[in-house]
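Undergrad: below are the sequence and a predicted model for it; my questions follow.
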Amino acid sequence: MGSNREIADFIAAVLLEHGLDAEAASVRGLRSLEGWDAVVLGSALYAAHWQRDANRFVTRNREALAARRVWVFTSGPLDRTLAAANLPIAPNAAEILAGVPYEGHRTFGGRLTPDAEGVDEQILRTHAVGDFRDWTAIREWAASIARALTT
Ligand SMILES: Cc1cc2nc3c(=O)[nH]c(=O)nc-3n(C[C@H](O)[C@H](O)[C@H](O)COP(=O)(O)O)c2cc1C
């Protein structure tokens, strides 16, 4: 529904601010990691699972990822306090990433808008509506990645 993409765009913007070459891309259209030294990979949580596209991407690029520096994030908890507590990575995400030595995982809050496509009454009854993303926390994390890549 676009909120994870916005986090990716923001991380890329922070990396650019720090003088790195960075680009946010949907894994759906990404065929190769050629030319990139590092990857920041994120998925939203749906029913406590990382999304299928992330699974397919990692499966296709496992060796290429293992040869690069990798950071990982999840967006999902529709709750700022839970997101700030930095929940452990979802079991299926840990499974997907087996063999990819990533340098850190962070959980960032998600966003649920009532009028988004596919959001029905039942989802609205069982999930919190709102934008729970903490841009300060995301900026700090992205800046720490930039520092790790430049020192
Ligand atoms: C059908 C549905 C199921 C969801 N399941 C979970 C979940 O199990 N755990 C969670 O933390 N967030 C869950 N969320 C919240 C989403 O992860 C959150 O809205 C996220 O920001 C969506 O990302 P996107 O806009 O990139 O699709 C769910 C949202 C929807 C609409």
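TA: That came through fine.
Undergrad: mind checking which helix or strand residue 25 is in?
TA: Applying DSSP states H and E as the criterion places residue 25 outside every helix and strand.
Undergrad: okay, now the nearest residue to residue 69 once chain neighbours are set aside: neighbour count?
TA: Computed as CB to CB, 6 or more residues apart in numbering, the closest residue to residue 69 that is not its neighbour in sequence is residue 38, at 4.2 Å. C-beta here means a position set from N, CA and C on the backbone, and glycine is covered the same way. Residue 38 is flanked by 17 other residues according to other CB atoms under 10 Å.
Undergrad: contacting residues around the closest residue to residue 40 other than its chain neighbours?
TA: Distances taken as CB to CB, 6+ apart place residue 71 nearest to residue 40, at 4.7 Å, with adjacent residues excluded. By CB atoms under 8 Å, 6 or more residues apart in numbering, the residues touching residue 71 are 38, 39, 40, 41, 102, 103, 104, 105, 145.
Undergrad: nearest to the ligand, of the residues you listed?
TA: For the contacts of residue 71, the closest approach to the ligand (CB to the nearest ligand atom) belongs to residue 41, at 13.4 Å.
Undergrad: and that closest one, what are its phi and psi?
TA: phi -110, psi 130 (degrees, to the nearest 10).
Undergrad: quick one: pLDDT of the residue nearest to residue 69?
TA: At residue 38, the pLDDT value in this model is 98.
Undergrad: pretty sure it is touching residue 68, no?
TA: Yes - Residue 38 is in contact with residue 68 according to CB atoms under 8 Å; the separation is 5.7 Å.
Undergrad: before we move on, which element is residue 149 in?
TA: Going by DSSP H and E, residue 149 is part of helix 135-150.
Undergrad: tell me what that helix is packed against?
TA: helix 3-17, strand 38-46, strand 69-75, strand 105-108 (3 or more CB pairs under 8 Å, 6 or more residues apart in numbering; DSSP states H and E).
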